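In: missing the sequence, but the structure's below:
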């Protein structure tokens, strides 16, 4: 398919342009990303980024450079990279890319999307079961208290099976409307598989020489009662356990980005961001890239995996994850996003997501485990994180 990019025009910035791209998404052939900077729909495939031993950023740059044409907008690579460093990525250059403003600026995003008969159709299996997950948390806490390591992020999954294939476009619309200010995505993740989700966390974005990273760590559930919701938020800002967990992540982000930047600004204390289900401690890190050849994916690769999705020290945390989790994370806690041939782009931490294959959806959620953690609290945190996607698919625990 020939490569083309549609420049923003009066038509694409009209009210409804972003929701029109959301409505146009079709599984298998399309790649959809909605971020606070803009909405992207990629259709078809002009080129696939190969998998080999070279760094992903180098492979992406090589493919994009080969497709660059004088006088044309820079080509764009879109897709997902997995948690495991040696596993294949799912990155491609769409044949056509359409852009629109952010979904949060589109007045039509407020229109509700009803559930269309799939609410009672799901069979749910928890992997591992909550009690087994709690045992893994307790074992990790005991090892941390013995001084073996500082933090690990332990995840669990929900396997949802239906009598028919799920309606992925409808799920994507519900996710986008539930939190239009977040990062909503649906991209192929492998043969016959689609990664779909709504992440609250930007790993890194680059525009020209300017970078932004927004690590999140430490969370509390939202409440339907306003007074209780405010109490949860205030308690999170004063929680020693959560503030420590957040500080570890921010320190790792600073350490990874500082060698690549001529300047880096890191606030002293976190603020709060909210999703439909959770409050999060958030720090917005900004800086100037020292070398103009350092791309968005170079920056993202330097950061991945942060302690927010792995732990610290990273090598020990990876080993504990492999021992404790009875499944392969695949794209979960990897990164999903886009990059153009100029090196600009956005890469998002792949959380609040599911991988669809046939009649099955596999949902993922994790919790940061530190020495002050309890099995009950971390199990409850994963349950709260599952709610974002369960709402979209019309299922419940």
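Out: Okay, I see it. As the structure is a prediction and not an experimental result, all values here were calculated from the model.

In: Let me see the ranges of the helices in the stretch 51-200 of the chain.
Out: Counting by DSSP state H, counting those that start in this stretch, the stretch 51-200 of the chain has helices at residues 56-67, 130-145, 168-178.

In: Indicate which one of these is closest to residue 370.
Out: helix 130-145 (6.7 Å; CB to CB). For the C-beta atoms, the positions are set from N, CA and C on the backbone; glycine is no exception.

In: Mean pLDDT for the helices of the stretch 51-200 of the chain - can I get that in JSON lines?
Out: Below are the helices of the stretch 51-200 of the chain laid out as JSON lines (pLDDT from 0 to 100):
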{"stretch": "helix 56-67", "mean pLDDT": "96"}
{"stretch": "helix 130-145", "mean pLDDT": "96"}
{"stretch": "helix 168-178", "mean pLDDT": "92"}
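
In: Pick the most buried one from the ones you listed.
Out: Among the helices of the stretch 51-200 of the chain, helix 168-178 has the highest mean neighbour count (mean count of other CB atoms under 10 Å), at a mean of 23.

In: Run the chain-centre distance for that helix.
Out: Chain-centre distance of helix 168-178: 15 Å, with CA atoms, centre = their mean, to the nearest Å.

In: Same question for stretch 45-59.
Out: Using CA atoms, centre = their mean, the offset of stretch 45-59 from its chain centre is 20 Å.

In: Quick one: end-to-end length of it, please.
Out: Terminal residues of stretch 45-59 lie 16 Å apart, using CA to CA, to the nearest Å.

In: Any idea which helix or strand in this protein has the lowest mean pLDDT?
Out: The weakest-scoring helix or strand in the chain, judged by mean pLDDT, DSSP states H and E, is strand 4-6 (a mean of 51).

In: returning to what we had before: can you list the helices of the stretch 51-200 of the chain in JSON lines and add distance to residue 49?
Out: Shown next, in JSON lines, are the helices of the stretch 51-200 of the chain (distance: least, CB to CB, whole Å):
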{"stretch": "helix 56-67", "distance to residue 49": "5"}
{"stretch": "helix 130-145", "distance to residue 49": "35"}
{"stretch": "helix 168-178", "distance to residue 49": "23"}
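
In: Tell me which of the ones you listed sits nearest to residue 218.
Out: Judging the helices of the stretch 51-200 of the chain by CB to CB, what sits closest to residue 218 is helix 130-145, at 16.2 Å.

In: Please name every helix or strand in contact with the closest one.
Out: Judged by 3 or more CB pairs under 8 Å, 6 or more residues apart in numbering; DSSP states H and E, the packing partners of helix 130-145 are strand 151-162, helix 314-324, strand 360-369, helix 375-393.

In: Give me the contacts around the second one.
Out: For helix 314-324, the surrounding residues in contact (CB atoms under 8 Å, 6 or more residues apart in numbering) are 136, 139-140, 143, 148-149, 151-155, 305, 307, 310-311, 329.

In: Please check those and keep the buried ones.
Out: By neighbour count, with 16 or more other CB atoms under 10 Å, the contacts of helix 314-324 hold 136, 139-140, 143, 149, 151-155, 305, 307, 310-311, 329 as buried.

In: now, among those residues, which is nearest to residue 240?
Out: residue 151 (14.3 Å).

In: residues contacting the closest one?
Out: Contacts of residue 151 by CB under 8 Å, 6+ apart are 144, 245, 248, 307, 311-312, 317, 368-370.

In: Please render the residues you listed as CSV that adds distance to residue 376 to the earlier fields.
Out: Shown next, in CSV, are those (distance: CB to CB, whole Å):
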residue, distance to residue 376
144, 17
245, 17
248, 22
307, 22
311, 20
312, 23
317, 22
368, 15
369, 12
370, 15
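
In: residues contacting the most centrally placed residue in the chain?
Out: The centroid of the chain falls nearest to residue 350 when counting by CA atoms, centre = their mean (2.6 Å). Going by CB under 8 Å, 6+ apart, residue 350 touches 80, 83, 195, 197, 199, 331-336.

In: Report the spatially closest residue to residue 19, excluding sequence-adjacent ones.
Out: Closest residue to residue 19 apart from its sequence neighbours, by CB to CB, 6 or more residues apart in numbering: residue 108 at 4.3 Å.

In: same thing with residue 253?
Out: Nearest non-adjacent residue to residue 253, counting by CB to CB, 6+ apart: residue 215, 5.1 Å away.

In: if we can go back for a sec, model confidence score at the residue nearest to the centre of the chain, please.
Out: At residue 350, the model reports a pLDDT of 97.

In: Number the residues from 102 up from this point.
Out: Sure thing, new numbering starts at 102, so read that last one as residue 451.

In: Could you check how far it is from residue 249?
Out: 27 Å (CB to CB, to the nearest Å).

In: what's the answer for residue 202, then?
Out: 48 Å.

In: do the same with residue 316
Out: 24 Å.

In: same check, this time on residue 290
Out: 33 Å.

In: and if you look at residue 388?
Out: From residue 388 to residue 249 the distance is 33 Å (CB to CB).

In: picking up where we left off before, closest one to residue 395 out of the buried ones among the contacts of helix 415-425, please.
Out: Nearest to residue 395 among the buried ones among the contacts of helix 415-425, with distances taken as CB to CB, is residue 406, at 19.2 Å.

In: Isn't residue 357 up against residue 402?
Out: No: here residue 357 lies out of contact with residue 402, judged by CB atoms under 8 Å, at a distance of 9.5 Å.

In: Specify which residue of the two has the higher count of neighbours.
Out: residue 402 (20 against 17; other CB atoms under 10 Å).

In: you'd agree the more buried one is up against residue 158?
Out: Yes: with contacts counted by CB under 8 Å, residue 402 reaches residue 158, the gap being 5.5 Å.

In: low-scoring stretches of the stretch 352-498 of the chain, by residue?
Out: 497-498 (pLDDT under 70).

In: Settle this for me: the residue nearest to residue 354 is touching residue 381, isn't it.
Out: No: when contacts are counted by CB under 8 Å, residue 316 is not listed as touching residue 381 (9.7 Å).
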